[in-house]
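# got a structure for you, letters missing:
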């Protein structure tokens, strides 16, 4: 069970890229993003359950934690099991923290400032640094991560290269500065995901609405809003527009 905790509105693309990378390796995955329904914004938790049996339910304790929100740092630590891998920003205090887990401190902000040259995209790309660190720690190959990027940014192919470069920065930092201590690794599998399609639950709902004959949809787009209607609009444009009349 891999859990990432983010500051408000910071989950962005990293979570789905890692999910798709794992799925590309033939490993069954079940992902969930927990968005607290508060107007002011609260931390976001992204969780991925990886199991060869294809278990869908979330586990209680976390095996791998990526802690990117200082406000929940100490509380997030309480939810990991002994022997867990904890990837965290190097600026977080470890005074009085648990001694039964393995820590991997990473200076994410410093790396972003020194290694990401695009000022406009630096904040958005910062999360891709942890994708590289996680991938290296769990033995997720670069090829699988690149596949995840291409699938996630299929409508923005130019974004793949800059995101992949940032992922490689995270990978390089892990190789040069972090020694593997925990026991968690991912291995490619066969016979588990062949012939299956990876999709979000909201995508499935939108397709169900479309196939069920839905012609009108209304919603209040407030944070955190559901993506059901956005998907429904996209699918309707593709499959519901009459070719003759437009």
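Received it, and whenever you're ready, just let me know what you need. Quick caveat, the model's predicted, so the values are computed rather than measured. Numbers count the residues shown, from 1 in each chain.
# drop to CA atoms for contacts and neighbour counts, all remaining ones
Fine.
# give me the element residue 112 is part of.
helix 108-115 (DSSP states H and E).
# give the buried residues for that helix.
Within helix 108-115, the residues that count as buried by 16 or more other C-alpha atoms under 10 Å are 108, 109, 111, 112.
# if I look at the last one, how far off is residue 122?
So the one you mean is residue 112. Remark: distance between residue 112 and residue 122 (C-alpha to C-alpha, to the nearest Å) = 6 Å.
# same question, residue 184
30 Å.
# where does the protein have its least confident helix or strand?
The helix or strand of the chain with the poorest confidence is strand 2-6; it has a mean of 81 (mean pLDDT, DSSP states H and E).
# what are the pairing partners of that one, and which direction each?
strand 44-50 (antiparallel), strand 62-67 (parallel) (DSSP bridges).
# hang on, the earlier thing: now, which of the buried residues of helix 108-115 sits nearest residue 159?
In terms of C-alpha to C-alpha, no member of the buried residues of helix 108-115 lies closer to residue 159 than residue 112, at 16.8 Å.
# any chance you could list what contacts stretch 80-100?
Contact partners of stretch 80-100, identified using C-alpha atoms under 8 Å, 6 or more residues apart in numbering, comprise 61-68, 70, 73-74, 77, 101-108, 182-184.
# out of those residues, which end up buried?
Counted by 16+ other C-alpha under 10 Å, the contacts of stretch 80-100 give 61-68, 70, 73-74, 77, 101-106, 108, 182 as buried.
# and the longest strand along the chain, which strands flank it?
Assignment by DSSP state E gives strand 80-89 as the longest strand of the chain. Within its sheet, strand 80-89 is paired with strand 62-67 (parallel), strand 102-106 (parallel), according to DSSP bridges.
# buried sites along the helix ranked longest in the chain?
Looking across the chain with DSSP state H, the single longest helix is helix 158-177. Buried positions in helix 158-177, judged by neighbour count with 16+ other C-alpha under 10 Å: 160, 163-174.
# near the closest residue to residue 205 other than its chain neighbours, how many other residues are there?
Take residue 205 and drop its neighbours on the chain: the residue closest to it by C-alpha to C-alpha, 6 or more residues apart in numbering is residue 228, 6.6 Å away. Using other C-alpha atoms under 10 Å, residue 228 has 19 neighbouring residues.
# helices or strands up against the longest helix of the chain?
helix 122-137, helix 142-152 (3 or more C-alpha pairs under 8 Å, 6 or more residues apart in numbering; DSSP states H and E).
# for that helix, the averaged confidence score.
Averaging pLDDT along helix 158-177 yields 96.
# show residues contacting it.
Residues contacting helix 158-177 (C-alpha under 8 Å, 6+ apart): 115-116, 125-126, 128-133, 135-137, 146, 149-150, 153.
# can you say which of those residues are buried?
Counted by 16+ other C-alpha under 10 Å, those give 116, 125-126, 128-133, 135-137, 146, 149-150, 153 as buried.
# pLDDT weak spots in the protein?
7-12, 35-42, 223-225 (pLDDT under 70).
# how much space separates residue 4 from residue 228?
23 Å.
# for whichever helix or strand residue 235 is part of, packing partners?
Assigning secondary structure by DSSP H and E places residue 235 in helix 228-239. Using 3+ C-alpha pairs under 8 Å, 6+ apart, the elements in contact with helix 228-239 are helix 201-211.
# which other helices and strands contact the helix it packs on?
Partner elements for helix 201-211 (3+ C-alpha pairs under 8 Å, 6+ apart): helix 228-239.
# and the helix it packs on, what's buried?
So for helix 228-239, counting by 16+ other C-alpha under 10 Å, buried means 228, 229, 230, 231, 232, 233, 235, 236.
# tell me which residues touch the residue nearest to residue 205, please.
202, 203, 205, 206.
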